[in-house]
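Visitor: 3D model of this:
(one chain, ligands or ions: 2)
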Amino acid sequence: MHNSHAKAFAPSQDRKDGKINLIGLSRDEIGNLFAERGLQAFRVKQVWQWIYGRGATDFDAMTNLAKAVRAQLADEFVIERPRVKQAQNSVDGTAKWLLQFDDDQEVETVHIPEADRGTLCVSSQVGCTLTCKFCMTGTQKLVRNLSAGEVVGQIMLARDAFGEWPTPTDGSRQLTNIVLMGMGEPLYNYENVAKAMRIVMDPDGLAFSKRRITLSTSGVVPELRRCGTELNVNLAISLHAVNDEIRSEIMPINKKYPLKELLGACRDYPGVSNARRITFEYVMLKGVNDSLADARELVRILRGIPAKINLIPFNPWPNSPYECSAPMTITKFQDVLARAGLSAPVRTTRGEDISAACGQLKSESVRQRKPRPHDHLRAQVAAVG
Ligand code: SAH
Ligand code: SF4
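Guide: Residues are numbered from 1 along each chain as shown. Ligands and ions are numbered 1, 2, ... in the order given. Here you go, the predicted structure:
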């Protein structure tokens, strides 16, 4: 039912020249396309390895394919990434790409380097149909799902930027983890996101382990359960409140899937253990969800779920209806959790300098439509790990 309010179309892959982009197609789909064209089945694996193992963007590079086959492929197919409209680098090493698709819609992808990992924060939709009150993406009118290719493409172009073809094995890798935490609600675009993650996890290609992928959701319970059985990637839940009254007020989706159902789905999530915990994101909103009683209640409702909590300082945006809790309030909140044995780091922001610039950039490029800077990216990308 929720799909009715997402304008749940993704653009077709039709190009003006009639060629088909192979990025984002499943192995089966490529197999069918090849079969229709009289290409032998083993070509699929060869081409797949070139695309996702070696980062080839050109059929001519595929030297183990006969020249005639390469020419035939080049006639009918392309291997294309999203267009980068702007790339920015922060003094702290954070990188951000503003991508523009053929219909001029834009999303952002962010890379956060840390000592022991490099995390790519990937978008799943242009905008978001949910209207969480603290989130600026929710104020954006224009929404569409990204296609599987547009999701995979974000990872491909980051790998291009780092020159990580094939995957470096000497520990120098800059892109080790993926978080579905950019713009959009990934579980409102489940089919495309799932298809994209299957491509990203394919052992013949990018070969990301499900343990290095985290999906962040506001709590779409039916798809959360599907995600558990079908993909079983790590989970981050945007919890943000400890009772239905406040959660429904700040996150309208809670009216449809209240806390009890959400936490039930978390309890049932396959493979969760003390070694593989669910991350609960908790944005600190002054006077709304930050009392010591809230902290104690948080401990209580998470009992029995292997959990870690990320306390995220609220990142204000123009005319946002909330303020961030005072640092002392956050510390006291954290103390209550710590005394109950719950680790709850406060996430520091990264890439602040370019995020500010990005806010301006985005409002500039969409001024004719609707302002939609995505400031909270800087808080959220560091929020899981
Ligand atoms: N739709 C998904 C993923 C994208 S939002 C979700 O809601 O989980 C990623 C994270 O950023 C979420 O935890 C979200 O609650 C948080 N967030 C949104 N706006 C924020 C803001 N202004 N300050 C801090 N965090 C924010
Ligand atoms: Fe959408 Fe997530 Fe923002 Fe809520 S917090 S409006 S679900 S992107």
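Visitor: alpha carbons only for contacts and neighbour counts from here, please
Guide: Fine.
Visitor: Show me the domain layout of this protein.
Guide: 24-78, 83-384 (automatic domain parsing).
Visitor: quick one: the residue nearest to Lys286 when sequence neighbours are not counted from Met284, how far?
Guide: Counting by CA to CA, 6 or more residues apart in numbering, the nearest residue to Lys286 once its immediate chain neighbours are dropped is Ser325, at 4.0 Å. According to CA to CA, to the nearest Å, Ser325 and Met284 sit 6 Å apart.
Visitor: So for these two, which residue has more residues nearby?
Guide: Neighbours of Ser325 and Met284, each counted by other CA atoms under 10 Å, are more numerous for Met284; the result is 27 against 21.
Visitor: any weak-confidence spans in the stretch 51-200 of the chain?
Guide: In the predicted model, the stretch 51-200 of the chain carries no residue with pLDDT under 70.
Visitor: For it, what lies in contact range of ligand 2?
Guide: 128, 130-132, 135, 137-138, 183-185 (CA under 6 Å from any ligand atom).
Visitor: What is the burial count for whichever residue of the chain sits closest to ligand 2?
Guide: Here the residue of the chain nearest ligand 2 is Gly138; by CA to the nearest ligand atom that distance is 3.8 Å. When neighbours are counted by other CA under 10 Å, Gly138 registers 21.
Visitor: could I get stretch 19-28 in CSV with only the CA atoms?
Guide: In CSV, the C-alpha atoms belonging to stretch 19-28 read as follows (Å, rounded to 0.1, in the frame of the first residue of the first chain):
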residue,chain,number,x,y,z
LYS,A,19,21.4,0.9,-26.3
ILE,A,20,20.8,-0.8,-23.0
ASN,A,21,22.9,0.0,-19.9
LEU,A,22,24.1,-3.3,-18.4
ILE,A,23,24.8,-1.7,-15.0
GLY,A,24,21.9,-2.6,-12.7
LEU,A,25,20.7,-5.7,-14.6
SER,A,26,20.8,-9.0,-12.9
ARG,A,27,22.8,-11.9,-14.3
ASP,A,28,19.6,-13.5,-15.4
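Visitor: Please, where are all the strands along the stretch 251-385 of the chain?
Guide: 278-284, 307-313 (DSSP state E, counting those that start in this stretch).
Visitor: Quick one, which of those gets closest to Leu25.
Guide: strand 278-284 (30.0 Å; CA to CA).
Visitor: Check which helices and strands the closest one is in contact with.
Guide: In terms of contacts (3 or more CA pairs under 8 Å, 6 or more residues apart in numbering; DSSP states H and E), strand 278-284 is packed against strand 234-238, strand 307-313.
Visitor: Would you mind finding the most buried of the domains of the chain?
Guide: domain 83-384 (a mean of 19; mean count of other CA atoms under 10 Å).
Visitor: and it, how far out from the chain's middle?
Guide: Relative to the chain's own centre, domain 83-384 is displaced by 6 Å; criterion: CA atoms, centre = their mean, to the nearest Å.
Visitor: Run the contact check for that domain versus ligand 1.
Guide: Yes: against ligand 1, domain 83-384 shows contacts by CA under 6 Å from any ligand atom at 134-135, 181-185, 216-218, 238, 281, 283, 312-316, 376, 379-380.
Visitor: No more questions from me, cheers.
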